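J.: model the following, please.
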Amino acid sequence: MKEFSVSVASEDELVAYGEVLGKALNGGLVVYLRGDLGAGKTTFSRGVLHAFGHQGPVKSPTYTLVEPYEFSECTVYHFDLYRIADPEELEFMGIREYFDENSVCLLEWPDKGEGVIPKPDVELTIEKRRQTRYLRLSGESEKGQAIVALVAASNANITATR
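T.: Residues are numbered from 1 along each chain as shown. Now for the predicted structure:
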């Protein structure tokens with residue numbers, strides 16, 4: 001499945017969709033997170049990290065650029081590229097070394113790293129209108145399309161708990 005869209009009415013639902021995506025992810029995958037400031041990218045990331053077993057807080061890595069979360073099966077790197085003025089800055093931090101078969105990379109504001117970061121397997125766009133968020137997941141690789149299909153198949157379980 002190439003694309004899946006859904007409306008989300010609460011923060012809990014946003015986290016739930018993040019958890020569903022997280023359960024479908026494994027090492028070697030790249031996820032782009034797009035949306036305006038305050039759209040819910042970090043909240044969604046919290047759900048992804050919960051799926052891997054993280055129980056603590058999840059903060060936006062706006063000032064640190066990357067927050068690593070180590071798990072037995074892989075390391076999840078949560079990037080926030082908002083403050084990057086030039087993609088070349090990422091080369092100085094050795095960004096290419098984060099992308100390997102043992103990592104999942106979640107990238108907020110991926111357009112800031114264009115030309116340096118790899119293409120995504122999955123791309124999430126969050127649009128916020130009033131109290132509702134609209135999520136669009138797009139599979140950009142063969143693996144990504146399989147992941148989007150898994151999330152779409154789980155949709156009935158999430159909406160049943162509304």
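J.: surely Arg34 forms part of a strand?
T.: Yes. Residue state for Arg34 (DSSP: H, G, I helix; E, B strand; the rest coil) corresponds to a strand.
J.: isn't it up against Val122?
T.: No. Here Arg34 lies out of contact with Val122, judged by C-beta atoms under 8 Å, at a distance of 11.3 Å. C-beta here means a position set from N, CA and C on the backbone, and glycine is covered the same way.
J.: okay, these two: which has more neighbours?
T.: Val122 (25 against 19; other C-beta atoms under 10 Å).
J.: before we move on, back to that, now do the shared contacts for Arg34 and Val122.
T.: Common neighbours of Arg34 and Val122 are not found (criterion: C-beta atoms under 8 Å, 6 or more residues apart in numbering).
J.: give me the pLDDT for the closest residue in space to Ser103 that isn't next to it in sequence.
T.: Nearest residue to Ser103, sequence neighbours excluded (C-beta to C-beta, 6 or more residues apart in numbering): Thr75, at 5.0 Å. On pLDDT, Thr75 comes in at 97.
J.: check the one 4 residues further on too.
T.: At Phe79, the model reports a pLDDT of 96.
J.: what's the burial count for it?
T.: 26.
J.: same for the host helix or strand of it, what does it pack against?
T.: Under the criterion of DSSP states H and E, Phe79 resides in strand 75-80. Where contact means 3 or more C-beta pairs under 8 Å, 6 or more residues apart in numbering; DSSP states H and E, strand 75-80 is packed against helix 41-52, strand 66-70, strand 103-108.
J.: return the most buried member of the ones you listed.
T.: Of the helices and strands packed on strand 75-80, the one with the most neighbours on average (mean count of other C-beta atoms under 10 Å) is strand 103-108, at a mean of 25.
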